[in-house]
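Novice: build me a model from this:
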Amino acid sequence: MSTRRTALQQSLAVAGLLATAGLWPQPAQAYTKAAFDARNLAEALRALGGQAPAPSRDIELVVPEIAENGALVRVTLATTLPNVRRMLLLAEKNPSPLVALFNVSEAIEPSFVINTKLAESTDVVAVVMLADGRSLFTKKPVRVTLGACGA
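Specialist: Alright, predicted model coming up:
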C-alpha cells in the first residue's frame, strides 16, 4: 500500500537521479548578455561573433502586417538551410532589439514560433548564422496599432 511518505521518498529519489545526471531543469539565462544589451543589429551580431548578414529568400519569417496589440505579436521563424548554428529574431525599434536567440544543432529542426512584444511599428529581422561563419537575413515590416487606429 502506497502512502504519502512513500510517494515523497520516491519523488526525492527521482529528483536526486535527475540532478545527478544533469537533467534537472535549469532557469533560462541570457548568457550572451552583450548581445541582448546591444542597441542595434550590428552591435548584436558583433557580440555574437557574426558577420554582416546578406539577404536570403531561404529564411521564412511570418509576422502580421498590422499588429492590433504590440504587447502580443506572434512570429514564426524557420529555414531549410543546412548547417544552421544560430537563429536570431530582432525588432529594430525595440529598446533592446534582440528579441530571441536560438542555438540550433542537427538534432533540432530550425523552426520556431514565439509571441513577442513590439514597442512600436518596426521592421522585424530574422538572422540565420551558419556553421561556415556566414550570416543571412530577411526582414518584414510590422505596423503596430492601438485598437486598430493605425499608429
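Novice: element containing the residue most central in space within the chain, please.
Specialist: Centroid-nearest residue in the chain: Ala100, 2.8 Å away (criterion: C-alpha atoms, centre = their mean). Per DSSP states H and E, Ala100 falls inside strand 98-103.
Novice: ok, now Arg86?
Specialist: Applying DSSP H and E, one finds Arg86 within strand 84-91.
Novice: that strand pairs with which strands, parallel or anti?
Specialist: With DSSP bridges as the test, strand 84-91 is paired with strand 98-103 (antiparallel), strand 122-130 (antiparallel).
Novice: ok, of the ones you listed, where does mean pLDDT dip lowest?
Specialist: Looking at the strands paired with strand 84-91, the lowest mean pLDDT belongs to strand 98-103 (a mean of 90).
Novice: any idea of the mean pLDDT in the helix or strand following it?
Specialist: Moving toward the C-terminus from strand 98-103, the next helix or strand (DSSP H and E) is strand 111-116. Computed over strand 111-116, the mean pLDDT rounds to 94.
Novice: swap in stretch 64-80?
Specialist: Stretch 64-80 carries an average pLDDT of 92.
Novice: next, the buried residues of it.
Specialist: For stretch 64-80, a neighbour-count test (16 or more other C-beta atoms under 10 Å) marks 67, 70, 73, 75, 77-79 as buried. C-beta: built from backbone N, CA, C; applies to glycine.
Novice: now for those residues: which two are most distant?
Specialist: Spanning the widest gap among the buried residues of stretch 64-80 are Gly70 and Thr79, at 25.7 Å by C-beta to C-beta.
Novice: I figured Val84 was touching Pro110, is that so?
Specialist: Yes: here Val84 reaches Pro110: they are 4.7 Å apart, a contact under C-beta atoms under 8 Å.
Novice: are we agreed that Leu45 is in a helix?
Specialist: Yes: the assignment for Leu45, made by DSSP: H, G, I helix; E, B strand; the rest coil, places it in a helix.
Novice: now for it: which residues touch it?
Specialist: By C-beta atoms under 8 Å, 6 or more residues apart in numbering, the contact set of Leu45 is 51-53, 88, 127, 135.
Novice: give me that answer again for 10 Å
Specialist: 35, 38, 51-53, 88, 90, 98, 127, 129, 135, 137 (C-beta atoms under 10 Å, 6 or more residues apart in numbering).
Novice: next one: Asp123
Specialist: Each residue near Asp123 by C-beta under 10 Å, 6+ apart is listed here: 41, 63, 90-93, 139-142.
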